[in-house]
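> Just a sequence and a predicted model for now, questions to come.
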Amino acid sequence: MDSTLPIVEIRAIGEHAGRRVRLRGWLYNLRESGKLLFPILRDGTGWIQGVAFKKNLAPEAFEALRGLGQESSLEVEGEVRADARAPGGFELDIQGLHVLQAVTPERPYPITPKEHGIEFLLEHRHLWLRSQRQVAILKVRHGIIQAIRDFFDQDGFVLGDAPILTPASCEGTSNLFEVDYFDEKAYLTQSGQLYAEAVAMAVGKTYTFGPTFRAEKSKTRRHLTEFWMVEPEVAFATLDDVMSLAERLVAFVVARVLERRRPELALLERDVSKLEAIQLPFPRVSYDEAVTRVNQAGGAMEYGTDLGGGDETLLSQQFDRPVLVHRYPTAVKAFYMQPDPENPNLALCVDMLAPEGYGEIIGGSQRIHDLELLQRRIAEHQLPTEPIEWYLDLRRFGTVPHGGFGMGVERVVSWICGLEHVREAIPFPRTIYRIQP
RNA sequence: UCCUCAGUAGCUCAAUGGCAGAGCAUCCGGCUGUUAACCGGAGGGUUGUAGGUUCGAGUCCUACCUGAGGAGCCA
């Protein structure tokens, strides 16, 4: 090995065509053809096929390479060549090898290039992440999160993260994870909203971004027990402002992914024409209209109930972009939602349903800003006031109309990537019957 | 919590109640352009666990364990 040669990343390999370089990474696959080896190397930034001719390598180096198991770590040196026969257009003519760790036949890498069942893959999630598909998803997820933060930053929002350990819930404790907090009980947060409301009264526009937890015994392709949520909260915002903010955020995120993550979407075989259709404005339908539309489409929705998964699909199929469903009956919604002045039985709330059957990605509302009304609602929901006295203070000291929403990051990743299940949208998914690895 | 399904080699799956098999992976051999390479050979099994029915159980019955798909609820 020539230690004076530059170490390069595979993503920029084309810039080094015709030159000798060093490359370090892992062995993704190894094909053999007589005195010729075709190792595929990956380094996290990409994949490249190497070609090792027996005559170009020291005999012991050739034999060492030949015997390496999948996912062995190594450093190679060689000449970068453009070659139409190589996947990716470039290949590395290997002339030197340094093995960092050889994976041996006694314990071969468990995930082979062939197909595997989901149970096996989930048990090996820590290794499954190395596959091309999972790397692509991680990079889209990263792009989405970066876009979310850029969007709020450009719009003058101030990050105001909420605590993860909380004294009580805003919607009952039945679906909360309980933890010992010294001599008291505490709960893992299911939403940062109440805290975001406090911060909004300090800085005007804020958002929280972090993990949230639901101990719901939900077992579907849309549920995790631990998921990341972004929750903007805006002082003086009305429901219309909330809806406008939500659609601008989603349109921005989709546009950004289309701009910067095309190769990953292609690897995931995502139909990008479906994403290119995500243009402002998004359709808005009232809950009343939604019920009519669902039932005309063959559903059997009863007025006054929430939309089920099938109902959501029946409705979202009618549009080529996310649809905003607003003004649900107060009875099926949370205590803090402002009633519609034109019909107090309806709440000034909104859900955004993603297209293609991906369901709800956003839920938000205008909040009750009147102290007496809020107290009445808390009593109606039979919630204890003592743990949220501080929250009532927000209505005692300069209360103003305000609102916001929560967006589930994994559901957005799942939709944009076109995944079958949200568990692929986060590196280490937590689901009801799995906490390993 | 409820409904449905599955568990056989490291992996993906076969096997009418009658000798437990294939492909991939691994090992050995062949091949100087392979594309989830290919060709030839070898090793590899307490059929999830515990009972039961039967001359005989991977297969039928019961319970349990583990997991998956879905419902309700939610982002």
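Happy to help now that I have it. In this text the structure is predicted, and so the values were computed from the model without any measurement. Numbers count the residues shown, from 1 in each chain, chains lettered A, B, ... in the order given.

> contacting residues for whichever residue of the stretch 251-400 of chain A sits closest to RNA strand B?
Nearest residue of the stretch 251-400 of chain A to RNA strand B (C-beta to the nearest atom of the strand) works out as residue A:308 at 3.0 Å. C-beta here means a position set from N, CA and C on the backbone, and glycine is covered the same way. Contacts of residue A:308 were listed using C-beta atoms under 8 Å, 6 or more residues apart in numbering, and they are residue A:301.

> Phi, psi for it please.
The phi/psi pair for residue A:308 (degrees, to the nearest 10) reads phi -80, psi 180.

> do you know how far it is from residue A:326?
18 Å (C-beta to C-beta, to the nearest Å).

> cool, and residue A:219?
For residue A:219, the distance to residue A:326 equals 29 Å [C-beta to C-beta].

> same deal with residue A:51?
Residue A:51 is 60 Å from residue A:326, by C-beta to C-beta.

> Residue A:162: helix or strand, and which one exactly?
For residue A:162, there is no helix or strand it lies in under DSSP states H and E.

> ok, whichever residue of the stretch 1-150 of chain A sits closest to RNA strand B - contacts?
For the stretch 1-150 of chain A, the residue closest to RNA strand B is residue A:34, as judged by C-beta to the nearest atom of the strand, at 2.1 Å. Neighbour list for residue A:34: empty [criterion: C-beta under 8 Å, 6+ apart].

> Apply 10 Å and report the result again.
Shown in contact with residue A:34 (C-beta atoms under 10 Å, 6 or more residues apart in numbering): residue A:54.

> out of everything not next to it in sequence, what's closest to residue A:344?
Spatially, and ignoring its direct neighbours in sequence, residue A:344 is nearest to residue A:330 (7.3 Å; C-beta to C-beta, 6 or more residues apart in numbering).

> Go ahead and confirm the one you found touches residue A:373.
No - if you go by C-beta atoms under 10 Å, residue A:330 and residue A:373 don't touch, sitting 11.5 Å apart.

> More neighbours: the two, which one.
More crowded of residue A:330 and residue A:373, by other C-beta atoms under 10 Å: residue A:330, with 21 against 13.

> who's in contact with the more buried one?
A:337-340, A:343-349, A:377, A:380 are the contacts of residue A:330 under C-beta under 10 Å, 6+ apart.

> pLDDT and distance to RNA strand B added to the residues you listed, as CSV?
Output for these, formatted as CSV (pLDDT from 0 to 100; distance: C-beta to the nearest atom of the strand, whole Å):
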residue, pLDDT, distance to RNA strand B
A:337, 93, 11
A:338, 95, 16
A:339, 94, 17
A:340, 94, 19
A:343, 92, 20
A:344, 91, 20
A:345, 91, 17
A:346, 92, 16
A:347, 93, 12
A:348, 95, 15
A:349, 94, 10
A:377, 90, 15
A:380, 86, 15
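
> Which of those fall within strands?
Judged by DSSP state E, these include A:339-340, A:343-347, A:349 as members of strands.

> Quick one: buried ones out of those?
Using 16 or more other C-beta atoms under 10 Å as the burial test, the ones in strands among the contacts of residue A:330 include A:339-340, A:346-347, A:349 as buried.

> what does the stretch 1-150 of chain A have sitting close to RNA strand B?
Residues of the stretch 1-150 of chain A lying near RNA strand B by C-beta under 7 Å from any atom of the strand: A:29, A:31-36, A:38, A:49, A:51, A:53-55, A:67, A:69-70, A:83, A:85-87, A:91, A:105, A:108, A:110, A:112-120, A:122.

> ok, which stretches of the stretch 201-350 of chain A are helices?
Listed in chain order, the helices of the stretch 201-350 of chain A (DSSP state H, counting those that start in this stretch) span A:239-260, A:262-267, A:272-276, A:287-296, A:309-316.

> Mean pLDDT and mean neighbour count for those helices - can I get that in TSV?
Output for these, formatted as TSV (pLDDT from 0 to 100; neighbours: other C-beta atoms under 10 Å):
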stretch	mean pLDDT	mean neighbour count
helix A:239-260	96	20
helix A:262-267	92	16
helix A:272-276	94	13
helix A:287-296	89	18
helix A:309-316	85	20
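
> Would you mind telling me which of these is nearest residue A:204?
helix A:239-260 (12.4 Å; C-beta to C-beta).

> follow-up on the earlier one: which ones among the residues of the stretch 1-150 of chain A next to RNA strand B lie within strands?
Counted as lying in strands by DSSP E, out of those, are A:29, A:31-33, A:36, A:38, A:49, A:51, A:53, A:91.

> Show the buried residues in those residues.
Buried among these (16+ other C-beta under 10 Å): A:38, A:49, A:51, A:91.

> would you turn these into CSV with distance to residue A:205?
Converted to CSV, those look like this (distance: C-beta to C-beta, whole Å):
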residue, distance to residue A:205
A:38, 55
A:49, 50
A:51, 55
A:91, 51
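
> between these, which is closest to residue A:196?
Nearest member of those to residue A:196, counting by C-beta to C-beta, is residue A:49, at 49.3 Å.

> need the contact list for the closest one.
Applying C-beta under 10 Å, 6+ apart, we find residue A:49 in contact with A:28-29, A:31, A:38-41, A:83, A:85-88, A:90-92.

> switch to 6 Å and redo it
A:38, A:40, A:86-87, A:91 (C-beta atoms under 6 Å, 6 or more residues apart in numbering).

> same question, residue A:41
Contacts of residue A:41 (C-beta under 6 Å, 6+ apart): A:25, A:48, A:50.

> ok, residue A:219 and residue A:326, which is more surrounded?
More crowded of residue A:219 and residue A:326, by other C-beta under 10 Å: residue A:326, with 24 against 9.

> For the closest residue to that one other than its chain neighbours, give me the pLDDT.
Nearest residue to residue A:326, sequence neighbours excluded (C-beta to C-beta, 6+ apart): residue A:350, at 4.4 Å. At residue A:350, the model reports a pLDDT of 94.
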